[in-house]
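Participant: have a look at this fold, sequence not included:
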């Protein structure tokens, strides 16, 4: 089965992660972790998910576990992950379900082709600079927002 679009996207993201960016393309430095970043958001799956994504992107295992424990239903089991690697695996599965749901304006789907031994993985995050939850500080800005989300938010 041929899948040229995902392959092309993967190649472009890999190239973007490897190239030296121009000064105009350099993302802002990462903000320090703020456990209260989503405090004003209505409680529920989306808020817990975003707290988990942000904590993983900042390599904050304890905060990520705490956010996972606030997830509804069976997703709470992610909170009992033994380490940050296991929690990132659980987050990947959770992301598939969240991506399928309606997202508020200002949030998009990002993709990292290198995650999970180059299998690639997607996640939802707020617009702006990519904050990769699968690699954290090791490759925080590796990835890109999917074009379909950009087209949807423009119309």
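Facilitator: That came through, no problem. Predicted model, so just to flag it, every value in this text is computed and none were measured.

Participant: isn't residue 123 right up against residue 107?
Facilitator: No - contact status for residue 123 versus residue 107: not in contact, 10.5 Å apart, counting by C-beta atoms under 8 Å. Every C-beta, even on glycine, is put in place using the N, C-alpha and C of the backbone.

Participant: more neighbours: which of these two?
Facilitator: residue 123 (29 against 17; other C-beta atoms under 10 Å).

Participant: helix/strand/coil for the more buried one?
Facilitator: Under DSSP: H, G, I helix; E, B strand; the rest coil, residue 123 falls in the strand class.

Participant: skip the chain neighbours and tell me the closest residue to the residue nearest the centre of the chain.
Facilitator: Nearest residue to the geometric centre of the chain (C-alpha atoms, centre = their mean): residue 123, 3.9 Å. Computed as C-beta to C-beta, 6 or more residues apart in numbering, the closest residue to residue 123 that is not its neighbour in sequence is residue 95, at 4.6 Å.

Participant: that neighbour: helix or strand, and which one exactly?
Facilitator: Here residue 95, judged by DSSP states H and E, is contained in helix 84-99.
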